[in-house]
Every structure is written in structure tokens, then in C-alpha cells.
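what's the 3D shape of this:
(2 chains)
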Amino acid sequence: MSDTTASSATPNRLNRIADWGIYALFIAVVLGLPMLMDDVFWLNRIAKYLVYGMLGIAIALSWGYAGILNLGQGLFFGLGAYMTAMSLKLMSSTSLQQGSDKPVPDFMLWNAEPGAMTDLCCINKGSFLWIPFQHQWFGLAMAIVLPLIVAFILSSSIFRLRVSGVYVAIITLALVLLVRLLIIDAQPVTNGFNGLTDLGWLTIGGFEFDPYMVQTYYVVAGSLCLVLLLARWLVSTRAGLILQSTRDDPTRARYLGYDVAAFQVFFFTVSAGIAGFAGMLYVVAAEFASPSFMDITFSISMVVWAAVGGRNSLIGACLGAILINTIEATVSETEVFKEAWKLIIGLIFVLVVLYMPRGLAGLARDLTGWLGQRRRGADPMPKAAE
Amino acid sequence: MSDIIFIGLSLSSILLLIALGLSITYGAMGVINMAHGELVMIGAYTAVLAGLHLNLNLFFALPLAFVTSGLAGLVIERLVIRRLYGRIIDTLLATWGVAILLQQLVRLEFGLSFLGIHVEGLGPGLQNMTVPGFLTQPFDIAGITIQPYRSFIIVVTLALTALTWWLMYRTPTGVQVRAIMRNPQIAAACGIDVRRVSALTFAYGSGLAGVAGVLLAGFKTVMPEMGAAVVIDGFLVVVVGGVGSLLGTLLSAAVLGQINGVFAILTNDILARAVVFGVVIALILWRPRGLFSFKSR
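Residues are numbered from 1 along each chain as shown, chains lettered A, B, ... in the order given. Reported below is the predicted structural model:
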């Protein structure tokens, strides 16, 4: 990407300015949106799309920077969502229907065997797993820790065995389907197909975050900006650069003495942690968790958003996810457009892959490159190396 | 005991049916065709429409669906896949778009529903194909109850596998296809028209998907989303069997189908599928290139 020849100093600087400009603009718009829009329903919707944007970042990190296509990112999103939802479920008023002060999820009561003790310890065989989730912070912490653990174990075995390319995609895909089935099958503990609904609100220091409230939007938007900057910093560190070299030529990186698998495991795990965090925020904004988060359609959709936005660009992938979903929500207001939109989106995916493999971000980079050349005027310079 | 084996066999045959087309397009050509499920769906709709409008039964629908899905595959190859050979992940994404497109075309009756025209047998609703009566009556042979339609599927699948094997290993075109599998550049240098052969191969794999669709329509509801559910299973079978190995695909379909059948009886359908996914993951970790494979590309 970068050019070492002296003649390209100007476009490089221009690129860097444009880059930071876009980040600053993005953060300003995302954080400033509530001032322009006071419709809380739309703010809540957009908060959800910002969460998808965070998923875009997770995908760009693992796919664009590490070269690992994870078709099972929904697994980590889903785990994060379920962990959060379990805690919020116990805080919901629907879990205190028995008049006791010990919360028990309502679906467990409905399905309880007659005479079973209505306590989390023993209402059914798996219900004890819920006990620690009575503390909200346990659920929130697990929403990130569990994806990290699962991703670490998974990626360690994958990359130590030097499984690569499309096989990683297939393993992650099979795994997300596997876990989805397990969650559906563990109906007494997870409420199966129906997922966890009627959740309580996230409460921090006595303040309840109603999803339809500006404060909740700020929690999501602030988290997104934080994750974006963090990811951006991470890929510019030495480790991030080595990671990119392992993507471009793993064999060479290995011969240069780098432990390729270690870098891949680290970034795969970070990406999973981001997805888990996104799952947590999604539950806070959308008030449910369901096995549909682990549908294969959802995981592939994330990848497609990232592809449209630009798989090699963190902010591109993030914007791709936000834009596609916002447009979809806007056109879905009318029934005819809704159906036609799906047709259009299918077409867009095909065209982007065929003609714009670097996505919107690639387009933007070409544009700044072209502007840089124009500013240099008559001075003919070699085309910026890609 | 024979019941369990039969259930497993029947599951295996369906897996094989879907995987057979994929073992050609993915195995031989390195294209992850996510629209394969939609080609299956097109086959199923061909059967439904042929029954409704042309009064043709299952046996006529089979070749017809082979042709329609094959043609659809040919068009997809020309417009999309031809530009993406060698970019395996991109084929996955682009054909995912194609899959959405095809689903939506059927749901919108090829856009006619915008004009207020409705075609019976298309649209977002559920459709059914009627199976000829003599294939639906179970009968007994030596104390074992035989499900004729399931047996019919097994027979057709095995026949198609044999046909595919014959095409690949006993005809001049098959030799060309296998040459392209191993090394497209050298194949081209030897005078093989790589583009033409690739297009034909893809169309053949797509045609097999169409046949699978007709057979699936006999015991599953036909709807625009039906393809998405089956395509993943097909991929897992092909990958476990070994890319480019017809024998591997056959064996892995048999093994995975039996595992699914046995665990479905021991536990339930959901856990049985989970076990199959678990086995698939373990097998890929153990042998990423599949049970039977050769070095290529």
C-alpha cells in the first residue's frame, strides 16, 4: 500500500490527511446525530446499525488485515448477546412473577415440572448455569470473555495445525451452526427457538438505560468510536504490520522468524471479542437475544457488508454495514420497495465483487489518489503503487 | 436395525444428491457456488410448474429440471463466475448475491408481480409437487417395509453418481475436465478449450442440482428459501470427502448420513445434526484436504 519513493510523498500525506479526516468526520456525525434527530425510535434503529458497523470492524480486522475469512462471526456475536441477555433477563420484572425476591426466568416456570423448586439452583437440570448471572456485571463481562475464550481455543487449534484459506471459513461456518443447534436443543436453559425476550434494562450506577433514550444511543455510539480507534491503532502497531505480512505471504513471514500462528490467533481473538461486545450492545438496544443471531445468513451478511464497504478498511467495512442497513430500513417502509430492494442488494453484491473488489473504501482511495495527481499538475508521476 | 440403516441411507442419498453437483462445481472447478441451493430450488419449481401447467409428472420433470437448472448455471457461469476463477472467496460472495437475486426473482414471479400479473406456482408462498401414486404406497418385502419414494431417490442418486463417474473417467471431455482440475494453464497449453469445458462442467453440475430439486420437491415443501437450507450440508460433504474426489464425496455422504440417522434415533434430530457438524469440524481439522484428495493447483 505504501510507497517508498520520494516522489509520492505528497499523495501519501494527502491520503493520511483524508484518512484521519474521514475518521474525525465519522465520529463527529455518529456522536452528533442526536442533535439533528430527536426521533428516539430512529435513534434506537440507528444504534442497532452502529452495532452492525462494529461487526464490520471485526470482519475487516480478521478478513482484511489477517486474511482469515471467518464465516462464523455470528457465533461470537451470539455468545455476547446471550451472556448479556441472561443477566438482563434476571433483572426483568417478568422474572419476579412468583412474588419471591429470587429471580427465575419466566419460561423456566412455564416449563417447570410440577412440584419443582422455583429456584435457579434446581428448577431444571441446567438452570444452575444462570446463578452467577444474577450479577449484571458478570453477564456483561462474560459477553466479552466467553467469545475471547472460545475464539482462542478455536483459533489455536486451527492455526497451529496450519489450516488455512477456505477451510477456516468452512470450520467456522460449521461451528456456528453447531452451537446454534445446541442452543436450540437446550430449550429448558435457553428458551430454544424463541430466544430470550422481555429483558430488563442495563443499569449502571442506578441509571436505567431505556433503549429508546438518547443516553443509550450514546453508549452504543461511544463504544463504536472507541472500538474503531482501538482497532485502527492496533493495525498500525508493529504487531499489526507483521500480521499484514503474514496475510500477504505466510511462508516468508515464517522464514523471517515470526510465529505466524501467534499473530493470527491474537487478531482472530480480538476480532471475536469485538463481535462479542457488539452482541452485548445489540441486546442493550434491541432487548432480545435469539438463535437467529447464529443463522448462517447473518454471518455471511456481515461479510458482505464488509465487502461492499471495503474489506481492507476498518472504517470502510464499518460504514458499509451502517449504510446498507440504514438504506434497507428506509426503503422497507413501503412493501413494494422492500421486495425490490432485496433484488437490488443481490445485484449490488455481485457487481461489487466483480468490479469493485476493494469496496467503497477502495473507490475513495482511488479518488484521493487521483486528486493528489491533479494537484501535482503537469509533473508526470508514476501511478501510485497499490 | 435395518430401519436405522435405511433411514441413514435415505439421508445419505439426499446429501449425495446435493453434494454431487457441488463436487463438480466446487470440487473440480474451485468455485464455491452459494447459489447451488437456488439451482436446486429452480429444479423444484420446474417440477411444480411442469405439473401445474403442462401436466407432466415427476419422470418428465427430471430431465426438464436438468435442462432449466443447467441453463441457469450456464448463464451464471457466463456472467459472474467466469470472471472469478482462482478467487475462491470472491466466488462465494458473488454467488451469495446471485442466490439472493434468484430467490427474489421467484418470489416476485420474475418481476411480474409488480405489474399485477400472477403465475400459479410461483411467488412467495409454499408449493407442492404431487408424486405418482405407485411411489407413495409402502410395501413389504420379507418383513421389511420399503418406502418406495425413498428407494427411488436412492436408486436415482446412485445412477447419477455412476453416470457422473463415467463422464469424468471414461469420456474424452472427462479427461479434459480432470486436466483442468489439476492445472488449468497446462491444460490450456495442451489445446484444451478451458473456457468452454469449464462452462459445460458448471452447467452439468447445475443440472444435477436441478434433478436434486425435483426429488426434494417430492417430500419437502417447495418455497423460495428452500435452497439456502441444503447448500451448506452439500459443501460439508464435499469438503470432508476431499475436493475433486467423486469417491470421497460418495463415502462422506454415506458416513455423514449414517451418523445423522443413528444419532437421530439415539437422541433427536437437532442433536443429530449437531453431532454431524462436530464430526465435520474434527475431520477438517484432522485432514483439511479431505479424506480422499490429491495435490493440485
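
what about residue 152, helix or strand, and which?
You didn't pick a chain, so chain A it is. helix A:136-160 (DSSP states H and E).

Please refer instead to chain B.
helix B:148-170.

Could you do residue A:203 as well?
Per DSSP H and E, residue A:203 falls inside strand A:202-204.

in its sheet, what does the next helix or strand after that strand sit against?
Sequence-wise, the next helix or strand downstream of strand A:202-204 (DSSP H and E) is strand A:207-209. Its sheet considered, strand A:207-209 pairs with strand A:202-204 (antiparallel) by DSSP bridges.

list the buried ones in the partner strand?
By 16 or more other C-beta atoms under 10 Å in any protein chain shown, the buried positions in strand A:202-204 come out as residue A:202. (C-beta placed from N, C-alpha, C; glycine too.)

mean confidence score for that strand?
The average pLDDT within strand A:202-204 is 82.

again, but for stretch B:52-59
On average, stretch B:52-59 scores 80.

ok and the residue in chain B nearest chain A?
residue B:97 (3.0 Å; C-beta to the nearest C-beta).

Correct me if wrong: that residue contacts residue A:342.
No: using C-beta atoms under 8 Å, residue B:97 makes no contact with residue A:342, being 10.7 Å away.

neighbour-wise, which of these two wins?
residue B:97 (24 against 19; other C-beta atoms under 10 Å in any protein chain shown).

which non-adjacent residue is nearest the more buried one?
In this structure, residue B:97 finds its nearest non-sequential neighbour in residue A:349, 3.0 Å apart by C-beta to C-beta, 6 or more residues apart in numbering or on different chains.

contacting residues around residue A:252?
Remark: with contacts taken as C-beta atoms under 8 Å, 6 or more residues apart in numbering or on different chains, residue A:252 is in contact with residue A:245.

Over to residue B:284?
A:163, A:167, A:170, A:171, A:174, B:239, B:240.

again, only this time at 10 Å
A:158, A:161, A:163, A:167, A:168, A:170, A:171, A:174, B:236, B:239, B:240, B:290 (C-beta atoms under 10 Å, 6 or more residues apart in numbering or on different chains).

distance of the residue nearest to residue B:97 from residue B:76?
14 Å (C-beta to C-beta, to the nearest Å).

Repeat that for residue B:228.
Residue B:228 is 16 Å from residue B:76, by C-beta to C-beta.

Pull out the buried positions in the helix holding residue B:152.
Neighbour-count burial for helix B:148-170 [16+ other C-beta under 10 Å]: B:149, B:150, B:151, B:152, B:153, B:154, B:156, B:157, B:160, B:161, B:164, B:168.

what do you get for stretch A:113-131?
Quick answer for stretch A:113-131 (16+ other C-beta under 10 Å): A:120, A:123, A:127, A:130.

Would you reformat those residues as CSV and include secondary structure?
Formatted as CSV, these follow (DSSP: H, G, I helix; E, B strand; the rest coil):
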residue, secondary structure
A:120, coil
A:123, coil
A:127, helix
A:130, helix
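
Pick out the most distant pair among those residues.
Farthest-apart pair in these is A:123 and A:130; separation 9.2 Å (C-beta to C-beta).

joint contacts of the two?
A:104, A:105, A:108.

from the residues you listed, which are also near chain B?
Residues of those in contact with chain B (C-beta under 10 Å from any C-beta of the partner chain): none.

Among the residues you listed, find me the one that's closest to residue A:279.
Nearest to residue A:279 among those: residue A:105, at 18.8 Å, using C-beta to C-beta.

ok, that closest one - contacts?
A:86, A:89-90, A:92, A:94-95, A:120, A:123, A:127, A:130, A:133, A:189-191, A:196, A:198.

if we go to 7 Å?
A:89, A:95 (C-beta atoms under 7 Å, 6 or more residues apart in numbering or on different chains).

picking up where we left off before, let me know how buried the residue nearest to residue B:97 is, in neighbour terms.
25.

what does residue A:16 give?
11.

Can you say which helix or strand has it in it?
Applying DSSP H and E, one finds residue A:16 within helix A:9-36.

hang on, the earlier thing: I'd assumed residue A:352 was in contact with the residue of chain B closest to chain A.
No: the criterion here is C-beta atoms under 7 Å, and residue B:97 misses it with residue A:352 at 8.1 Å.

who touches both of these two?
Joint contacts of residue B:97 and residue A:352 (C-beta under 7 Å, 6+ apart) do not exist.

Output the set of residues of the stretch 151-297 of chain B in proximity to chain A.
Residues of the stretch 151-297 of chain B that fall close to chain A, judged by C-beta under 7 Å from any C-beta of the partner chain: B:228, B:232, B:235-236, B:239, B:270-271, B:273-274, B:277-278, B:280-281, B:284-285, B:288.

chain center to stretch B:223-234, what's the gap?
10 Å (C-alpha atoms, centre = their mean, to the nearest Å).

Now do the buried residues in it.
Under 16+ other C-beta under 10 Å, the buried positions of stretch B:223-234 are B:223, B:224, B:226, B:227, B:228, B:230, B:231, B:232, B:233, B:234.

just the CA coordinates of it, formatted as PDB?
Below are the C-alpha coordinates for stretch B:223-234, written out as PDB (Å, rounded to 0.1, in the frame of the first residue of the first chain):
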ATOM      1  CA  MET B 223     -40.500 -22.400  -1.400                       C
ATOM      2  CA  PRO B 224     -38.100 -19.700  -2.500                       C
ATOM      3  CA  GLU B 225     -35.900 -20.200   0.600                       C
ATOM      4  CA  MET B 226     -35.600 -24.000   0.300                       C
ATOM      5  CA  GLY B 227     -32.200 -23.900  -1.300                       C
ATOM      6  CA  ALA B 228     -30.400 -22.000   1.400                       C
ATOM      7  CA  ALA B 229     -31.000 -24.800   3.900                       C
ATOM      8  CA  VAL B 230     -29.400 -27.500   1.800                       C
ATOM      9  CA  VAL B 231     -26.400 -25.900   0.300                       C
ATOM     10  CA  ILE B 232     -24.300 -25.900   3.500                       C
ATOM     11  CA  ASP B 233     -24.800 -29.600   4.000                       C
ATOM     12  CA  GLY B 234     -23.700 -30.200   0.500                       C
END
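
contact partners of that stretch?
With contact meaning C-beta under 7 Å, 6+ apart, stretch B:223-234 is reached by A:173, A:177, A:296-297, B:15, B:18-19, B:22, B:34, B:36-38, B:40-41, B:44, B:99, B:103, B:106-107, B:124, B:126-127, B:220.

Over to stretch A:129-141?
Contacts for stretch A:129-141 (C-beta under 7 Å, 6+ apart): A:83, A:84, A:86, A:87, A:90, A:91, A:103, A:120, A:121, A:189, A:203, A:280.
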